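Chemist: quick one, what's the 3D model for this:
(one chain, ligands or ions: 1)
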Amino acid sequence: MLAAENRPDGAVAVPVAIAHGDGIGPEIMDAVLSILTAAGARIEPRTIEVGERVYRAGISSGIDDAALETLAKTRVLLKAPITTPQGGGYKSLNVTIRKMFGLYANVRPCRALAPYVPTLHPKMDLVIVRENEEDVYGGIEHRQTADVTQCLKLITRSGTERIVRYAFEYARANGRKRVTCFSKDNIMKITDGLFHRVFDEIAAEYPEIEREHMIVDIGAAKLAVNPERFDVIVLPNLYGDILSDVAAELCGSVGMAGSANIGDEIAMFEAIHGSAPDIAGRGLANPSGLLNGAVMMLAHIGQADIAQKIQNAWLRTIEEGLHTRDIYGAQSTRCLSTRDFADAVIERLGMEPQHLHAPAIGNAVVTARPAAHTAPAPQKERVGIDVFIDWTGAPTSLLAERLREATAELPVELKMITNRGTQVWPRASEMTRCVDHWRCRFMGEAPLSGATIAQLIAAIEIAGLETIKTEGLYTFDGVAGYSLGQGQ
Ligand code: NAD
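Modeler: You can find the predicted model right below:
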């Protein structure tokens with residue numbers, strides 16, 4: 001690849017960090033870089049080391065400071081898959097990069113290439129836009145009692161605004177007609193409820209794009225049976241993690257899909273598959289997934305013309321039946337090595353596919369900075385507190401009695417006790433199975449002071465009951481910001 005000053009056309013080359021990865025990584029990266037060079041990509045690669053060797057050198061994140069520094073400068077990374085060594089202590093490199101650099105959107109186009117790549121859904125052509133930073137992926141987990149563990153699910157308004165706006169901007173830039181939101185807001189009314197509500201608010205800014213919302217379970221079922229009906233799907237992190245793999249598998253081409261991780265400052269592009277150690281070094285790997293990641297990268301850095309040229313040549317190669325072993329089948333004419341496949345794409349640069357549709361690639365760079373908030377911050381008032389208690393006694397009325405006795409002098413009232421979310425006091429069903437984890441809800445006259453809260457906890461502890469944690473109960477502009485107990 002030529003540096004900017006050496007390029008005959010004088011165009012400025014964009015510095016791009018390149019990670020060759022592990023397993024099949026180096027061979028597919030070489031193949032991809034040779035295609036980019038032949039296509040005239042205006043990039044200046046800067047190699048960084050990530051992955052297995054870095055892990056083995058004792059750096060548990062899989063990326064060292066020098067690589068991080070390069071990445072902070074280039075702001076764009078093309079990454080081949082890496083091997084995460086087995087055993088504890090190693091952190092996922094992807095999660096590290098995603099979190100350190102705020103890569104909030106994971107974008108994964110899933111398009112069938114029938115009949116050249118067999119699939120039950122030949123017309124499928126959708127894009128999954130997955131929120132990448134929030135939800136249960138904060139990794140905030142605790143064991144709280146002998147029996148009970150918890151994982152905190154965080155959904156923010158600002159994070160949701162960014163991902164939803166990104167999805168609509170992506171749809172607009174890529175001529176997509178509809179954005180579907182998946183959530184589970186019939187159950188998680190506050191967290192997924194926020195995701196859905198923000199989706200509706202932002203959708204209103206894009207009247208030319210159709211919008212719909214589905215509960216994730218029925219949405220997933222429809223996706224599995226009829227993926228052709230979807231266009232762009234935006235969804236929170238966990239649902240997106242699961243369903244983006246389902247979608248890639250459905251279009252028959254897990255080995256061929258690329259993905260982008262986009263942040264306001266930095267973006268990372270890769271194949272969705274792993275390092276395939278079983279076929280490493282044998283020239284069998286399909287470089288298409290990484291190539292498709294690179295095509296997304298070129299669009300991101302404003303080189304849609306080159307991205308289009310590569311995409312067209314690649315589609316032409318596929319439809320001529322020139323295939324690597326993983327997709328070799330009835331429609332194939334020759335079985336090619338990684339290197340020969342790359343050369344076949346290079347030979348077809350400048351050609352268009354004759355059967356497969358070649359979608360127009362725009363300079364689809366979209367960052368979705370949150371809009372400046374003009375609405376005043378809501379009036380927040382503490383109206384109560386949930387105190388979680390580790391207790392193994394029975395009956396529940398005994399716990400209630402002890403709590404009421406302990407807090408009799410304080411300006412709060414015990415209103416409810418739940419166990420695993422189900423109300424067990426003052427009303428209860430005999431059939432509710434109780435564990436050693438009790439949520440005890442105290443309400444008081446608003447605003448409840450910090451001193452009252454401190455006295456409440458102290459009184460409960462002095463009474464010999466163990467408080468595991470507390471959650472403040474707040475209203476925002478008078479609207480309750482907490483859920484009721486099941487059966488309340
Ligand atoms: P994998 O995707 O590497 O391999 C699964 C199967 O698909 C294997 O049979 C493999 O030969 C085949 N395959 C994958 N990519 C191919 C390609 N381009 N061409 C032809 N065949 C291909 O998944 P795995 O075996 O579960 O994981 C291997 C390693 O990769 C693990 O260490 C895992 O942690 C890592 N991994 C890394 C990433 C990443 O870096 N983004 C993603 C997933 C897995």
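
Chemist: could you report the pLDDT at the residue of the chain most remote from its centre?
Modeler: In the chain, Glu409 marks the outermost C-alpha relative to the chain mean, sitting 48.6 Å out by Cα atoms, centre = their mean. Glu409 carries a pLDDT score of 95 in this model.

Chemist: tell me the pLDDT of the residue of the stretch 351-488 of the chain found nearest the ligand.
Modeler: Proximity of the stretch 351-488 of the chain to the ligand (Cβ to the nearest ligand atom) peaks at Leu356, 19.7 Å away. The C-beta positions use only the backbone N, C-alpha and C, and glycine is treated the same way. For Leu356, the pLDDT comes out at 93.

Chemist: any stretches of the stretch 1-150 of the chain with poor pLDDT?
Modeler: By pLDDT under 70, the weakly predicted segments of the stretch 1-150 of the chain are 1-10, 87-88.

Chemist: near the ligand, which residues of it are found?
Modeler: Neighbours of the ligand within the stretch 1-150 of the chain, by Cβ under 6 Å from any ligand atom: 24, 81-84, 94.

Chemist: just give the nearest non-adjacent residue to Glu413, would you?
Modeler: Spatial nearest neighbour of Glu413, excluding adjacent residues (Cβ to Cβ, 6 or more residues apart in numbering): Met443 at 5.9 Å.

Chemist: which ones are touching Cys440?
Modeler: Under the criterion of Cβ atoms under 8 Å, 6 or more residues apart in numbering, the contact list for Cys440 reads 386-389, 399, 403, 414, 416-417.

Chemist: who does it bridge with?
Modeler: Beta bridges link Cys440 to Val387, Ile417, judged by DSSP bridges.

Chemist: quick one: it and Asp477, what's the gap?
Modeler: Note on Cys440: its distance to Asp477, by Cβ to Cβ, to the nearest Å, is 27 Å.

Chemist: ditto for Trp438
Modeler: In this view, Trp438 and Asp477 are 31 Å apart by Cβ to Cβ.

Chemist: between those two, who's got more neighbours?
Modeler: Per other Cβ atoms under 10 Å, whichever of Trp438 and Asp477 has more neighbours is Trp438, with 26 against 11.

Chemist: quick check: phi and psi on Arg178?
Modeler: phi -140, psi 140 (degrees, to the nearest 10).

Chemist: again but with Lys309, I slipped
Modeler: Taking degrees, to the nearest 10 as the convention, Lys309 sits at phi -60, psi -40.

Chemist: and if you look at Thr475?
Modeler: According to degrees, to the nearest 10, the main-chain angles of Thr475 amount to phi -110, psi 150.

Chemist: what's opposite it in the beta bridge?
Modeler: Taking DSSP bridges as the rule, Thr475 bridges to Glu381, Ala480.

Chemist: which stretches of the stretch 101-250 of the chain form helices?
Modeler: Assigned by DSSP state H, counting those that start in this stretch, the helices in the stretch 101-250 of the chain fall at 157-173, 191-203, 216-225, 237-250.

Chemist: next one: the longest one to chain centre, how far?
Modeler: How far helix 157-173 lies from its chain's middle: 13 Å, per Cα atoms, centre = their mean, to the nearest Å.

Chemist: tell me the buried residues in it?
Modeler: Within helix 157-173, the residues scored as buried using 16 or more other Cβ atoms under 10 Å are 159-172.

Chemist: then stretch 386-401?
Modeler: Judged by neighbour count (16+ other Cβ under 10 Å), stretch 386-401 contains these buried residues: 386-391, 396, 399-400.

Chemist: out of the residues you listed, which one has the lowest pLDDT?
Modeler: For the buried residues of stretch 386-401, the model is least confident at Thr396; its pLDDT is 89.

Chemist: distance check, that residue against Val148.
Modeler: Distance from Thr396 to Val148, by Cβ to Cβ: 16 Å.

Chemist: kindly report the same for Pro15.
Modeler: For Pro15, the distance to Val148 equals 50 Å [Cβ to Cβ].

Chemist: what is the end-to-end distance of stretch 110-118?
Modeler: For stretch 110-118, the separation between the terminal residues is 14 Å (Cα to Cα, to the nearest Å).

Chemist: skipping adjacent residues, who's closest to Asn424 in space?
Modeler: For residue 424 the amino acid is Val, not Asn. Nearest non-adjacent residue to Val424, counting by Cβ to Cβ, 6+ apart: Thr396, 4.8 Å away.

Chemist: from Tyr482, how far out is the one you found?
Modeler: On the measure of Cβ to Cβ, Thr396 and Tyr482 end up 21 Å apart.

Chemist: ok, now Arg143?
Modeler: Taking Cβ to Cβ, one finds Arg143 at 24 Å from Tyr482.

Chemist: between the two, who's got more neighbours?
Modeler: Using other Cβ under 10 Å as the criterion, Arg143 and Tyr482 rank with Tyr482 on top: 15 against 9.

Chemist: can you tell me the closest non-neighbouring residue to that one?
Modeler: Leu473 (4.8 Å).

Chemist: what's near enough to touch that neighbour?
Modeler: Applying Cβ under 8 Å, 6+ apart to Leu473 gives the contacts 382-386, 441, 443, 480-482.

Chemist: C-terminal to the helix or strand containing Met443, what's the next element?
Modeler: If you go by DSSP states H and E, Met443 is part of strand 437-444. Downstream of strand 437-444, the next assigned helix or strand under DSSP H and E is helix 450-462.

Chemist: next, the buried residues of that following helix.
Modeler: Neighbour-count burial for helix 450-462 flags 452-453, 455-456, 459-460 (criterion: 16+ other Cβ under 10 Å).

Chemist: what helices or strands is it leaning on?
Modeler: On a contact count with 3 or more Cβ pairs under 8 Å, 6 or more residues apart in numbering; DSSP states H and E, helix 450-462 meets strand 380-390, helix 396-406, strand 466-476.

Chemist: tell me the angle the last one makes with strand 437-444.
Modeler: Okay, so that is strand 466-476. Angular relation of strand 466-476 and strand 437-444 on a 0 to 180 degree scale: 50 degrees, by axes from the mean of the first three to the mean of the last three Cα atoms, to 10 degrees.

Chemist: with the first one instead?
Modeler: Put simply, strand 380-390 runs at 150 degrees to strand 437-444, going by the same axes, to 10 degrees.

Chemist: which outside residues touch strand 380-390?
Modeler: So strand 380-390 is contacted by 144-145, 399, 412, 415, 436-444, 446-448, 453, 456-457, 460, 465-476, 480, 482 (Cβ under 8 Å, 6+ apart).

Chemist: filter those residues down to the buried ones and hand me the PyMOL line.
Modeler: The PyMOL selection below is limited to those of these classed as buried (16+ other Cβ under 10 Å):
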select buried, resi 145+399+412+415+436+437+438+439+440+441+442+444+448+453+456+460+465+468+470+473+474+475
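
Chemist: run a quick neighbour tally on the residue in the stretch 251-400 of the chain that the ligand sits nearest to.
Modeler: At 2.5 Å from the ligand, Gly274 is the closest residue in the stretch 251-400 of the chain, using Cβ to the nearest ligand atom. With neighbours defined by other Cβ under 10 Å, the count for Gly274 comes to 15.

Chemist: ok, Val54 next?
Modeler: Neighbours of Val54 using other Cβ under 10 Å come to 20.

Chemist: do Gly283 as well
Modeler: Gly283: 16 surrounding residues under other Cβ under 10 Å.

Chemist: repeat for Glu270
Modeler: 26.

Chemist: which ones are touching it?
Modeler: 78-81, 258-259, 261, 289-290, 293.

Chemist: gap between it and Leu291?
Modeler: Applying Cβ to Cβ, the value for Glu270 to Leu291 is 11 Å.
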